[in-house]
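J.: Following is a predicted model, sequence given first.
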Amino acid sequence: MLLLLACAPGVLPASSGAVDAATDTADTAAPDTADSADSSPNDSAADSADSGDTADSGDTADTARPEPTTGPCAAYAAAVAMGDVDDPALDELSGLAVSRQNPGILWTHEDSGGAAELYALDFTGATVATIHVDGVENHDWEDIAIGPCSAGWCLVVGEIGTANYEHALLVVEEPLLTGAMEFTLTPDVEPFTFPGDPEDAEGLALFPDGTPLVVSKRDDATAGLYTLPAGASGLVWQADIATGAPGESLTAMATAADLSTDGATLLVRTYLHLYSVDVADLTAPGTPDSLAFAIELQGEAVAWDPNQGGFWQVGEGTGRTLYYTGCAAE
């Protein structure tokens, strides 16, 4: 079943997945960004779990969609280490999205060749839930985004990392973590092509109306910005942006991206850089502004926090540290 981006603006379809399994998890508090330097890791969601409940696959559809409350920070504090990813099997994380309806939860996934699964981490790096994405393989999943859909919120995974396999977006309904720790969901799959020769890409974001933005990965210190219009199967090039100094190569390749809640600011990271880009006019983006962030070994994941204004990041490797950069105190 295809992702029908031709739906009304802001509406992605609900996934047809079924829920499997059942143990419990509970909400986790968001970090205190008023004083980021004093932030401490949040309690694990599993610590306050209430055993015996099971999740209902209709919970998401029956719940009013909470709206994000803030845009990017006006200025940022120093990055804070919130905790280490506790599952040693998660050693190649390559995408990050902040849950819209499960407080204190980040969604992530493995890179090429990993399991076709999505993982819910709490703000200390503990895994609290797993989605088994049925009927597909993880050829080269590179990023994850979240956007509104008829069911509430949907997670969109980018199978975008190599030209050796068909590029596609995989869409599943974001479940409410009210009880179940494991889910099996069947994705809607939307294949797409680049307008010219296929490009590798590692950045995926969604505009507020659900339009996908794909950020390509190049070795010339630039990245291409492409959108997938409603109902289309081909990307449309909008603009190129600088992602490093002229002549820079590997360290300037775009490895992750996310959009602010109003769709006006693009966050793009590379191995050595993090940029904020004004994309209010996507065909004429502003000059990328460099942001301070935690330098990681092979960092390929970043996400805005829609309720706090800061951003999250994590790198590849076993036991990598989950960092949060919050707003600077006024």
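T.: In hand now; what should we look at?
J.: Where does pLDDT dip in the stretch 151-300 of the chain?
T.: When residues are selected by pLDDT under 70, none of them lie in the stretch 151-300 of the chain.
J.: Which residue ranges of it form strands?
T.: Applying DSSP state E, counting those that start in this stretch to the stretch 151-300 of the chain gives strands spanning 152-159, 168-173, 182-185, 188-191, 201-206, 212-216, 222-227, 236-242, 256-259, 265-269, 274-278, 289-290, 299-304.
J.: Make CSV from those strands and add distance to Trp107 and mean neighbour count to it.
T.: All C-beta spots, glycine's among them, are computed from the backbone N, C-alpha and C. Formatted as CSV, the strands of the stretch 151-300 of the chain follow (distance: least, CB to CB, whole Å; neighbours: other CB atoms under 10 Å):
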stretch, distance to Trp107, mean neighbour count
strand 152-159, 6, 26
strand 168-173, 10, 25
strand 182-185, 12, 20
strand 188-191, 17, 18
strand 201-206, 13, 28
strand 212-216, 16, 25
strand 222-227, 22, 22
strand 236-242, 26, 16
strand 256-259, 12, 27
strand 265-269, 16, 24
strand 274-278, 20, 20
strand 289-290, 27, 10
strand 299-304, 9, 26
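J.: Looking at these, which is nearest to Thr124?
T.: For these, proximity to Thr124 was assessed by CB to CB; strand 299-304 is nearest, at 16.1 Å.
J.: re earlier: okay, the strands of the stretch 151-300 of the chain in TSV with distance to Cys327 next?
T.: Listed next are the strands of the stretch 151-300 of the chain as TSV, based on distance: least, CB to CB, whole Å:
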stretch	distance to Cys327
strand 152-159	24
strand 168-173	31
strand 182-185	33
strand 188-191	35
strand 201-206	21
strand 212-216	24
strand 222-227	26
strand 236-242	24
strand 256-259	16
strand 265-269	14
strand 274-278	13
strand 289-290	16
strand 299-304	12
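J.: Quick one, which of the ones you listed gets closest to Leu93.
T.: Comparison of those against Leu93 by CB to CB identifies strand 299-304 as nearest, at 5.5 Å.
J.: tell me the angle that closest one makes with strand 265-269.
T.: 160 degrees (axes from the mean of the first three to the mean of the last three CA atoms, to 10 degrees).
J.: Next one: the closest residue to Asp219 other than its chain neighbours from Arg218, what distance?
T.: Distance criterion CB to CB, 6 or more residues apart in numbering; nearest residue to Asp219, sequence neighbours excluded, is Ser249 at 4.9 Å. Note on Ser249: its distance to Arg218, by CB to CB, to the nearest Å, is 9 Å.
J.: Show me which of the two is the more surrounded one.
T.: Arg218 (17 against 11; other CB atoms under 10 Å).
J.: which residues touch that one?
T.: With contact set as CB atoms under 8 Å, 6 or more residues apart in numbering, Arg218 has these partners: Glu199, Gly224, Thr243, Met253, Ala254.
J.: any idea how far it is from Thr227?
T.: Using CB to CB, we find Arg218 at a distance of 18 Å from Thr227.
J.: Which residues does the strand or helix carrying Tyr323 contact?
T.: In the assignment (DSSP states H and E), Tyr323 maps to strand 321-325. Residues from elsewhere that reach strand 321-325 (CB under 8 Å, 6+ apart): 31, 33, 36, 39, 76-85, 106, 121, 123-125, 291-294, 296, 305, 310-315.
J.: Would you confirm that Thr186 contacts Asp134?
T.: Yes. Using CB atoms under 8 Å, Thr186 is in contact with Asp134, at 4.7 Å.
J.: shouldn't Cys73 be in contact with Ala292?
T.: No. In this structure, Cys73 is not within contact of Ala292 by CB under 8 Å, at 11.8 Å.
J.: Need the distance between the two termini of stretch 104-113.
T.: Stretch 104-113 has its terminal residues 28 Å apart, counting by CA to CA, to the nearest Å.
J.: Check stretch 272-291 too.
T.: With CA to CA applied, stretch 272-291 spans 11 Å between its terminal residues.
J.: what does that stretch rub up against?
T.: Contacts to stretch 272-291, defined as CB under 8 Å, 6+ apart, come from residues 72, 76, 213, 225, 227, 238-239, 241-244, 251-252, 259, 263-269, 292-293, 295, 302, 313, 325.
J.: that older thread, hang on, the residue nearest to Asp219 packs against Thr222?
T.: No. Here Ser249 does not reach Thr222: they are 11.1 Å apart, not a contact under CB under 8 Å.
J.: sorry, back to before: who has more neighbours, Cys73 and Ala292?
T.: Higher neighbour count among Cys73 and Ala292: Cys73, with 21 against 11, using other CB under 10 Å.
J.: mind checking how far that one is from Leu93?
T.: As judged by CB to CB, Cys73 and Leu93 stand 24 Å apart.
J.: related to what we said a few turns ago, strand 274-278 and the strand holding Tyr323, what's the angle between them?
T.: 40 degrees.
J.: what's the average pLDDT for strand 321-325?
T.: Throughout strand 321-325, pLDDT has a mean value of 97.
J.: got the buried residues for that strand?
T.: Of the residues in strand 321-325, Thr321, Leu322, Tyr323, Tyr324, Thr325 count as buried by neighbour count, 16 or more other CB atoms under 10 Å.
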